[in-house]
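[1] have a look; sequence and predicted model below, questions after that.
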Amino acid sequence: MGYVLVINPGSTSSKIALFKDGGLINEKSIRYTNEELSIYESIFDQKDFRKSRIDDFLAENGITKNDLIAVVGRGGLMKAVEGGTYIVNDTMVKDLSEGKYGMHASNLGAVLAKEVADEIGIKAYIVDPVIIDEMQDIARISGLKGIERRSVFHALNQKSVARKVAEQKNKQYGEVNLIVAHLGGGISIGAHEKGKVIDVINGIDGEGPYSPERTGTLPLIDFAQLIINEKLNIEQVKKILAGHGGIQSYLNDIDMINVENRALAGEAEYKKYLDGMCYQIAKGIGEMSVVLKGNVDYIVLTGGISYSEYVVQSVKEHVQFISEVVVMPGEEEMRALYEGTKRVLDGIEAAKIY
Ligand SMILES: Nc1ncnc2c1ncn2[C@@H]1O[C@H](COP(=O)(O)OP(=O)(O)O)[C@@H](O)[C@H]1O
Ligand SMILES: CCCC(=O)OP(=O)(O)O
């Protein structure tokens, strides 16, 4: 068997990995500086720059493209689909490139994967993209005609840890109810009912808790007034909601290790906003427990911030009356992308068509 190349573009980084025969061969996280990215007008304009780093990674590992059997990228903001592994086709590339359903760094995942794959005539895939939609219809109603809530969340990691927790408890994912809170630069919280995410606190459109860099829900009148006063266009509004909101807006910092250290060292402002975030995360979990009518087997805390004992304890204090809380810190997106591809290569699952 040859190598599977995994490409996961994030807003300030690209993670790249090579897997072979079930094992990780090498992984690299490339961090980009503001200076490197700010010269590009749009996220999409970063494509060739990011691609050159992938070529460098292959060369560093002594691999040529001909050694690859498949390429997989993180799936971005595209037409809502059900979970699974999808072949990257031209329609998908067009939607992601044009930002038809919004623009996020993950839009580059499928596009870069297909460019690399096309060079040697192999297939490119995405797995469980951020717009997986398994929401029950009642959850779509927003409260204003013409605007619908949509399902955008850390689907890849949420589904992967949900399966893992079920497995650890000797159960099938399809027979348990879980609330999964992904606590990273962005935060999303999903109500997983017997294998389907029937409602979700969307991690990017301005819902739920504030995060290191996102506002979450805001008082609408005040936000509307800000837009009018500052004459903001839609791109500027999106930047505030996801980028310049949350902890970043209060403390000018998105490094939660630093925020926690300063909070614990007695800096009152740091403690106040860290506690506020934990409080809102707990409220979000409570909301999802109502969606599941209280039938919750496990609450799962995942993502980078779940490494924080302080955050975990603080959230737990509020929600442990609902169910057992399981902590799965970090994320395994690279392995989840590989495993989704391997299931297709091994014939265990059929690839879906977008
Ligand atoms: N040990 C830790 N304690 C607290 N926060 C942490 C820790 N490790 C990472 N983080 C925070 O986790 C966030 C990144 O989480 P991650 O899940 O990797 O992000 P994303 O989902 O945005 O890719 C950052 O704010 C980082 O500071
Ligand atoms: C919630 C959609 C996916 C997302 O926001 O991912 P990042 O936190 O990696 O930006």
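    That came through fine. If you're wondering where the values come from, they're calculated on a predicted model, not measured in any experiment. Residues are numbered from 1 along each chain as shown. Ligands and ions are numbered 1, 2, ... in the order given.

[2] so which residues on this protein come close to ligand 1?
    10, 184-186, 212, 254-257, 260, 303-305, 307-308, 331 (C-beta under 6 Å from any ligand atom). Yep, even glycine has a C-beta here, placed from its N, CA and C like the rest.

[3] ligand 2 contacts on the protein?
    Residues of the chain lying near ligand 2 (C-beta under 6 Å from any ligand atom): 10-11, 130, 152-154, 184-186, 188, 203-204.

[4] now do the contacts for the residue of the chain found nearest ligand 2.
    Across the chain, the shortest distance to ligand 2 (C-beta to the nearest ligand atom) belongs to residue 203, at 2.8 Å. Neighbouring residues of residue 203 by C-beta atoms under 8 Å, 6 or more residues apart in numbering: 130, 152-154, 182, 186-188, 211, 214.

[5] hmm, try it at 6 Å
    153, 186-188 (C-beta atoms under 6 Å, 6 or more residues apart in numbering).

[6] one more: residue 199?
    135, 139, 191, 291.

[7] before we move on, the earlier item: show me just the buried residues among the residues of the chain next to ligand 1.
    10, 184-186, 212, 254, 256, 260, 303-305, 308, 331 (16 or more other C-beta atoms under 10 Å).

[8] reformat those into JSON lines and put secondary structure, pLDDT and distance to residue 87 next to each item.
    Below are these laid out as JSON lines (DSSP: H, G, I helix; E, B strand; the rest coil; pLDDT from 0 to 100; distance: C-beta to C-beta, whole Å):
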{"residue": "10", "secondary structure": "coil", "pLDDT": "84", "distance to residue 87": "23"}
{"residue": "184", "secondary structure": "coil", "pLDDT": "93", "distance to residue 87": "28"}
{"residue": "185", "secondary structure": "coil", "pLDDT": "90", "distance to residue 87": "29"}
{"residue": "186", "secondary structure": "coil", "pLDDT": "92", "distance to residue 87": "27"}
{"residue": "212", "secondary structure": "coil", "pLDDT": "94", "distance to residue 87": "34"}
{"residue": "254", "secondary structure": "coil", "pLDDT": "88", "distance to residue 87": "35"}
{"residue": "256", "secondary structure": "helix", "pLDDT": "94", "distance to residue 87": "37"}
{"residue": "260", "secondary structure": "helix", "pLDDT": "98", "distance to residue 87": "42"}
{"residue": "303", "secondary structure": "strand", "pLDDT": "95", "distance to residue 87": "28"}
{"residue": "304", "secondary structure": "helix", "pLDDT": "93", "distance to residue 87": "31"}
{"residue": "305", "secondary structure": "helix", "pLDDT": "96", "distance to residue 87": "34"}
{"residue": "308", "secondary structure": "coil", "pLDDT": "98", "distance to residue 87": "38"}
{"residue": "331", "secondary structure": "coil", "pLDDT": "90", "distance to residue 87": "24"}
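
[9] which of these lies closest to residue 320?
    Closest approach to residue 320 among these (C-beta to C-beta): residue 308, at 16.7 Å.

[10] now the closest residue to ligand 1 within the stretch 101-250 of the chain. Nearest residue, chain neighbours left out?
    Using C-beta to the nearest ligand atom, the single residue of the stretch 101-250 of the chain nearest to ligand 1 is residue 184, 2.3 Å away. Residue nearest to residue 184 in three dimensions, not counting chain neighbours: residue 303, with 3.9 Å by C-beta to C-beta, 6 or more residues apart in numbering.

[11] partners of the one you found in the sheet?
    The partner list for residue 303 in beta bridges (DSSP bridges) reads residue 329, residue 330.

[12] who touches stretch 92-106?
    9-11, 43, 74, 76-78, 107, 110-111, 114, 130, 354.

[13] C-alpha coordinates for it, CSV please?
    Output in CSV follows, covering the C-alpha atoms of stretch 92-106 (Å, rounded to 0.1, in the frame of the first residue of the first chain):
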residue,chain,number,x,y,z
MET,A,92,-17.6,20.7,-4.8
VAL,A,93,-14.4,22.6,-5.8
LYS,A,94,-16.5,25.3,-7.5
ASP,A,95,-18.8,25.8,-4.4
LEU,A,96,-15.8,26.0,-2.1
SER,A,97,-13.7,28.2,-4.3
GLU,A,98,-16.5,30.7,-4.8
GLY,A,99,-17.4,30.7,-1.1
LYS,A,100,-21.0,30.0,-2.2
TYR,A,101,-21.9,28.9,1.4
GLY,A,102,-19.3,31.1,3.2
MET,A,103,-15.5,31.2,3.3
HIS,A,104,-13.4,29.5,5.9
ALA,A,105,-9.8,28.2,5.7
SER,A,106,-11.2,24.6,5.6
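
[14] chain center to that stretch: distance?
    15 Å (C-alpha atoms, centre = their mean, to the nearest Å).

[15] what comes up buried for stretch 77-89?
    77-78, 81, 83-88.

[16] ok, stretch 151-164 next?
    Buried residues in stretch 151-164 (16+ other C-beta under 10 Å): 151-164.

[17] looking at these, which two lie furthest apart in space?
    152 and 164, at 22.3 Å, using C-beta to C-beta across the buried residues of stretch 151-164.

[18] quick check, pLDDT for residue 34.
    Looking at residue 34, its pLDDT is 68.

[19] now the closest residue in space to residue 314 that isn't next to it in sequence: which helix or strand?
    Nearest residue to residue 314, sequence neighbours excluded (C-beta to C-beta, 6+ apart): residue 278, at 3.8 Å. Applying DSSP states H and E as the criterion places residue 278 in helix 268-291.
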